[in-house]
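Q: Here's my sequence, what's the structure:
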Amino acid sequence: MFPDITQAWPIGSEAPGLLAAGGSLDVASLLRAYSNGIFPWYSQGQPILWWSTDPRMVLQVSHFKLHRSLKKVIQRFQADARCEIRIDSAFDAVIENCAGTARDGQSGTWILPEMVEAYKALHRAGYAHSVETWIDGALAGGLYCVAIGKAVFGESMFAHRTDASKLALAALVGFCRCHGVSLIDCQQNTPHLASMGAGEIPRSQFVTGVRMDIALEPMVWYFDPLYWRYTLDT
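A: Numbering: from 1, shown residues only. You can find the predicted model right below:
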């Protein structure tokens, strides 16, 4: 069992949001964690660290900022038969690319091999999903997330082509809007997420919503071109 989330280290401490160390990354532990607003995040050489940040960074899908340049990319994308969005066609490749893609300002990755294997197991159990951008038959970018009922938790994304990860996020937003999902968990505040419309809410509000959403009928994860209409309406 995890400690109560109110015991997480507060803002101003050395590690705001840190709740616990140790345990397992098995499917049952991950489901229990996410269902209570907790997520794993640690580096090589550390034990498994579990976090519950307050406030919590979320993307309310109605607040998604579809910048004019990305809207034009989507419109071109719709008309280009060489480009497509897929869901769960290459989950393993997506998480491996997220782990292996170099990022500005980062010397390594938190998506360690044991994390990769844990989320692959979560995918096989039906709780982790990938949204992928394919161009000319090649995987150009994408993201992976966790979904329990209608609670969606974003994890990581990558891009090997310009705007490929943003297209995947826009597709996820359209998918969520179509299925009545109100927000996507982003865990921690970053300028990139803020530029896309994400913002912070109190952890108590976030966890209350999660506990309601996980009890709802889970979605069938597939991509329909109709979802672009929900994205472009933002």
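
Q: Leaving out sequence neighbours, find the closest residue to residue 161.
A: Counting by Cβ to Cβ, 6 or more residues apart in numbering, residue 161 lies nearest to residue 140, which is 4.0 Å off, once chain neighbours are set aside. For every residue, glycine as well, the C-beta is placed using N, CA and C.

Q: Buried ones in the helix or strand hosting the one you found, by neighbour count?
A: Assigned by DSSP states H and E, residue 140 belongs to strand 138-148. The neighbour-count check on strand 138-148 (16 or more other Cβ atoms under 10 Å) flags 139, 140, 141, 142, 143, 144, 145, 146, 147, 148 as buried.

Q: same deal with stretch 184-201?
A: Applying 16+ other Cβ under 10 Å to stretch 184-201 flags 184, 185, 186, 187, 193, 196, 197, 198, 199, 200 as buried.

Q: all strands for this structure, in order.
A: Here the chain has its strands, by DSSP state E, at 18-21, 39-40, 49-51, 56-60, 83-87, 128-135, 138-148, 151-159, 183-187, 199-201.

Q: Just checking: what are the partner strands of the shortest one?
A: When you say that, I think you mean strand 39-40. If you go by DSSP bridges, strand 39-40 pairs up with strand 49-51 (antiparallel).

Q: contacts for the partner strand?
A: 2, 8, 17-21, 23, 33, 38-42, 187 (Cβ atoms under 8 Å, 6 or more residues apart in numbering).

Q: can you do 6 Å?
A: 17, 18, 19, 20, 21, 38, 39, 40, 41, 42 (Cβ atoms under 6 Å, 6 or more residues apart in numbering).

Q: ok, of these, which one's closest to residue 221?
A: residue 39 (20.1 Å; Cβ to Cβ).

Q: Let me see the contact set for the closest one.
A: Applying Cβ under 6 Å, 6+ apart, the residues near residue 39 are 51, 187.

Q: any idea how far residue 110 is from it?
A: Look at residue 39 and residue 110: by Cβ to Cβ, to the nearest Å, they are 11 Å apart.
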